[in-house]
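Participant: quick check, what structure comes out for this input:
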Amino acid sequence: MGTNRNTEEYLGGGITVCVSQNHKFGTDAVLLSDFSLPKDAKKPELACDLGSGCGIIPLLWFGRGCAPQKVYAVEIQSEGAALMKLSAEKNKIGDRFFPVEANMTTLSSAQLPLGRFELVTCNPPYKAEGTGIKSRTDADLIARHEGSCDIFSVCKTAARLLRFSGRFCICLRPERLADAVYAMRENKLEPKRLRFIHQRAAAEPWLFLMEGRRGGKQGLRVEPPLIVEGENGPSDEIKRIYRQFYEEKQSKTITE
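Facilitator: Predicted structure coming up:
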């Protein structure tokens, strides 16, 4: 079995995602997709996912039936962009889902409509440049370490994409919270919602989700923490978030 072999994961709602050894997804992306759910799929909204990898965040929106009318997914790595194009073709959403192979820090109006997006999401590299153990593969290095982009450049790009009052949603490790707040405010993205993710109720948070608003007024709401594991397994909220594609995956397997 080759290391670059493509496989498909069922997400619910008739939507699948094409993944590879280098471009997979984890719990953080699933939680960010849920946290950032588009407000009304019936409106002609625009959304963009930066550093999209295999496109998991917007594809989960499609799986839940809440994707905006048009979703752009920006990915610098050719393999990731190719996987997203394959997913768009297999799911027959090529008229609404637009993979863009590009460096997010140099996006132009020729590639996508700047200043018009209602929603931008990003699961940025967790590790600041010069910290942590370097990943072994180029794909992991780009995804996990600030090299090709950092949190400031991500926020700067989001600000260029968003219209006034548009939302920007990210997830990061708690030790990067101060960096994220600073980067947002320096780019006129006011932090409005913050939620910490805990593996267990008594554990320290391992992730946070945050939403900023383009040109928003000051005022940050800290939401109740999301607990991943309860006393008897996954928490009720995790069951809710994962329910749709797990239940439908089981149903699909039974009927095939």
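Participant: any idea of the mean pLDDT for stretch 80-93?
Facilitator: Stretch 80-93 comes out with an average pLDDT of 97.
Participant: list the buried ones in that stretch?
Facilitator: Residues of stretch 80-93 classed as buried by neighbour count (16 or more other C-beta atoms under 10 Å): 80, 81, 82, 83, 84, 85, 86, 87, 88, 91, 93. (Each C-beta comes from the backbone N, C-alpha and C, glycine too.)
Participant: nearest to residue 47, of those residues?
Facilitator: Closest approach to residue 47 among the buried residues of stretch 80-93 (C-beta to C-beta): residue 93, at 13.1 Å.
Participant: let me know the secondary structure of the closest one.
Facilitator: Following DSSP: H, G, I helix; E, B strand; the rest coil, we place residue 93 in the coil state.
Participant: residue contacts, the residue nearest to it when sequence neighbours are not counted?
Facilitator: In this structure, residue 93 finds its nearest non-sequential neighbour in residue 62, 6.0 Å apart by C-beta to C-beta, 6 or more residues apart in numbering. Applying C-beta atoms under 8 Å, 6 or more residues apart in numbering, we find residue 62 in contact with 11, 13, 15, 71, 91, 93, 96, 97.
Participant: specify the beta-bridge partners of residue 122.
Facilitator: Beta bridges link residue 122 to residue 50, residue 170 when assigned by DSSP bridges.
Participant: residue 124 versus residue 188, what's the distance?
Facilitator: 18 Å (C-beta to C-beta, to the nearest Å).
Participant: more neighbours: these two, which one.
Facilitator: Neighbours around residue 188 and residue 124, counted as other C-beta atoms under 10 Å, are more numerous at residue 124. The numbers are 22 against 16.
Participant: kindly confirm my reading that that one is in a strand.
Facilitator: No. Secondary structure of residue 124 (three-state DSSP): coil, not part of a strand.
Participant: any idea how far the spatially closest residue to residue 65 that is not a sequence neighbour is from residue 70?
Facilitator: Nearest residue to residue 65 in three dimensions, chain neighbours excluded: residue 13, at 5.6 Å (C-beta to C-beta, 6+ apart). Distance of residue 13 to residue 70, given as C-beta to C-beta: 18 Å.
Participant: how about residue 23?
Facilitator: Going from residue 23 to residue 70 by C-beta to C-beta gives 22 Å.
Participant: likewise residue 12?
Facilitator: 21 Å.
Participant: so the two - more neighbours on which side?
Facilitator: residue 12 (21 against 18).
Participant: surely the more buried one meets residue 64?
Facilitator: Yes. Residue 12 lies in contact with residue 64 (C-beta atoms under 8 Å); the separation is 6.9 Å.
Participant: now residue 161: how far from residue 151?
Facilitator: From residue 161 across to residue 151, the span is 16 Å (C-beta to C-beta).
Participant: again with residue 81
Facilitator: Counting by C-beta to C-beta, the gap from residue 81 to residue 151 is 23 Å.
Participant: following the lowest-mean-pLDDT helix or strand in the chain, which helix or strand comes up?
Facilitator: Within the chain, no helix or strand scores below helix 138-144, which has a mean of 46 by mean pLDDT, DSSP states H and E. Later in the chain than helix 138-144, the nearest helix or strand by DSSP states H and E is helix 151-161.
Participant: name the nearest residue to residue 105, ignoring sequence neighbours.
Facilitator: Excluding its sequence neighbours, the residue lying closest to residue 105 (C-beta to C-beta, 6+ apart) is residue 153, at 4.9 Å.
Participant: what about the one you found, neighbour count?
Facilitator: By the other C-beta under 10 Å criterion, the neighbourhood of residue 153 contains 18 residues.
Participant: so it makes contact with residue 106?
Facilitator: No. Using C-beta under 8 Å, residue 153 is not in contact with residue 106, being 9.9 Å away.
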